[in-house]
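J.: Pasting the sequence and the predicted coordinates here, then a few questions.
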Amino acid sequence: MDKIRIVGGNRLEGEVKVSGAKNASLPILAACLLTRGECVLHGIPCLRDVEVMLQVLRSLGARVTWQGSDLVVSAQEVVATEIPESLMRQMRASNLVMGALLGRCGTFKAFTPGGCAIGSRPMDLHLKGFNALGAKINQEYGFIIGEAQRVRGVSIQLDFPSVGATENLMMAATLAEGVTVIRNAAREPEIVDLQNFLRRLGARIWGAGTHEIRIEGVANLGSGEHTVIPDRIETGTFLVAGVLTQGDVLISNAVEEHVESILAKLQEAGAEVSSGKEGVRVRGGCCLKAVDVKTLPYPGFPTDMQPQIVTLLSVANGTSLVTETIFENRFKHIDELRRMGARVRLEGRSVIIYGVPRLTGAIVEASDLRAGAALVLAGLVADGETLVEGTVHIDRGYERLEEKFKQLGADIQRLTK
Ligand code: UD1
């Protein structure tokens, strides 16, 4: 099993370019199933989660080829409508092909995903929406089966602005008969990117980025080309690294608007933030201040940055309160950070962080993707050597992480054995 070894203490300095967004790439890849045309995608990152999605697409009959760094997907024929159980178990976001399968073929079958390291994560909002669009949903023997004679446009009010449910319903409605309106839709930039891609294929869809998305069903879609947006969570992770190490880091392709909530908290904690044509830049001061953070749907502070900000605040001056409102169990990094000397206490869905002057290197285990990122960040400022195990989780969502940190001056390497 690989490990990441970090010797802490180096100040990070310089420029880095983040990869294309994982969470934009996955629904966009799923949406390729909606067309017989050819989809040419730029900026799809080489990640384990992307590889799983490509396997899902191939298993359903799509041709997928890398041409250099571009990905060409062609789903001339869809030969299966069941998502292989092993792939669904490897990555729950495999469920994003449900909506596309329902739209294109009128049916799908999928293994019911269980809870995961960060929470119970039910699928009820996806299924209620499919049902409203005319699908009969059966859940039996551990599988979910959706079947629709016809997918018909309808008004759907989501109980919560779920990212995955919004994306699945957008895809299911694209080829539906009539008009679909999704109210209380998620507003994440990845939803806007999916809309932009669907439009390139010929879909009639508006409103992504607001709470109301309107989709006028079309009979079929054509070919299209698209570049995915830069990853805002990777951007946030490097911004935190810059501040944490009292460094000076420029993310040359960051979209400022996508990371405003993160920048606001870094500024409140004492960082100097600037942005312009050259990208988004942070400079960390000598003493970080404690701040309170609450995760919320976009444009609020992202849950996918909660573990990383906890690391930052663990060495800030004073007491911070970080409240997690999206995933009830996203705290596995807490015990590991404690092993590194952090003074953190869990109270319900909040973490109370009593800032300490320094962390100390230790052997720690990444339980999930962003918890892993938080531990790598902790290693960058800890005294001595940190070994982060469970890199398989980090590889789900960060492309060439060690290389990029090394480029900024970190003492970091992957140990393969
Ligand atoms: C996506 C992101 C993930 C991010 C999350 C929240 C992808 C591939 N993953 O996950 O990185 O952390 O958004 O920003 O894009 N919920 C229900 N019923 C449902 C669906 C969701 O109760 O049918 C709940 C979930 O349990 C969770 C909350 O809604 O508590 C948010 O989940 P959701 O927005 O759906 O997240 P994902 O799409 O799974």
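T.: The structure has been received and is ready for your questions. Residues are numbered from 1 along each chain as shown.

J.: Every contact and neighbour count from this point should use C-alpha atoms.
T.: OK.

J.: near the ligand at all, stretch 48-68?
T.: No. Using CA under 6 Å from any ligand atom, stretch 48-68 never reaches the ligand; the gap is at least 8.8 Å.

J.: quick one: that stretch to chain centroid distance?
T.: 18 Å (CA atoms, centre = their mean, to the nearest Å).

J.: ok, and what's touching that stretch?
T.: Here stretch 48-68 makes contact (CA atoms under 8 Å, 6 or more residues apart in numbering) with 22, 25-26, 29-30, 33, 44, 71-84, 87, 90-91, 94, 395-397.

J.: for it, what is the average pLDDT?
T.: Averaged across stretch 48-68, pLDDT comes to 97.

J.: tell me which residues of that stretch are tucked away?
T.: Buried residues in stretch 48-68, counted by 16 or more other CA atoms under 10 Å: 48-50, 52-64.

J.: Over to stretch 75-87?
T.: Buried residues in stretch 75-87 (16+ other CA under 10 Å): 75, 78, 80, 81, 82, 83, 84, 85, 87.

J.: Mind listing the residues bridging to the fifth one?
T.: Per DSSP bridges, residues listed as beta-bridge partners of residue 82: residue 109.

J.: Can you give me the pLDDT of it?
T.: pLDDT recorded at residue 82 is 96.

J.: got a list of what it touches?
T.: 60, 108, 109, 110.

J.: Is stretch 311-323 positioned near the ligand?
T.: No. Using CA under 6 Å from any ligand atom, stretch 311-323 stays clear of the ligand, coming no nearer than 13.5 Å.

J.: my bad, stretch 355-375
T.: No. Stretch 355-375 stays clear of the ligand (CA under 6 Å from any ligand atom), getting no nearer than 8.9 Å.

J.: Can you give me the neighbour number for the closest residue to residue 42 other than its chain neighbours?
T.: Leaving out its chain neighbours, the residue that sits closest to residue 42 by CA to CA, 6 or more residues apart in numbering is residue 227, at 4.5 Å. For residue 227, the tally of surrounding residues (other CA atoms under 10 Å) stands at 16.

J.: which residues does residue 227 contact?
T.: Applying CA under 8 Å, 6+ apart, the residues contacting residue 227 are 41, 42, 43, 44.

J.: Partner strands of the host helix or strand of residue 71, with direction?
T.: Using DSSP states H and E, residue 71 sits within strand 70-74. Using DSSP bridges, strand 70-74 pairs in its sheet with strand 38-42 (antiparallel), strand 63-67 (antiparallel).

J.: Out of those strands, which gets nearest to residue 289?
T.: When these are compared by CA to CA, strand 38-42 sits nearest residue 289, at 39.7 Å.

J.: now whichever helix or strand comes after the closest one against strand 63-67, angle please.
T.: Per DSSP H and E, the first helix or strand lying C-terminal to strand 38-42 is helix 48-60. For helix 48-60 against strand 63-67, the angle by axes from the mean of the first three to the mean of the last three CA atoms, to 10 degrees is 140 degrees.

J.: Could I have the CA atoms of helix 48-60 written out in PDB?
T.: Extracted C-alpha coordinates of helix 48-60, given in PDB (Å, rounded to 0.1, in the frame of the first residue of the first chain):
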ATOM      1  CA  ARG A  48      -9.500   6.900  -9.700                       C
ATOM      2  CA  ASP A  49     -13.100   8.100  -9.600                       C
ATOM      3  CA  VAL A  50     -13.000   9.100 -13.300                       C
ATOM      4  CA  GLU A  51     -11.500   5.700 -14.200                       C
ATOM      5  CA  VAL A  52     -14.500   4.000 -12.400                       C
ATOM      6  CA  MET A  53     -16.900   6.200 -14.300                       C
ATOM      7  CA  LEU A  54     -15.200   5.300 -17.600                       C
ATOM      8  CA  GLN A  55     -15.600   1.600 -16.700                       C
ATOM      9  CA  VAL A  56     -19.300   2.200 -16.000                       C
ATOM     10  CA  LEU A  57     -19.700   3.800 -19.400                       C
ATOM     11  CA  ARG A  58     -17.800   1.000 -21.200                       C
ATOM     12  CA  SER A  59     -19.900  -1.600 -19.400                       C
ATOM     13  CA  LEU A  60     -23.100   0.100 -20.800                       C
END
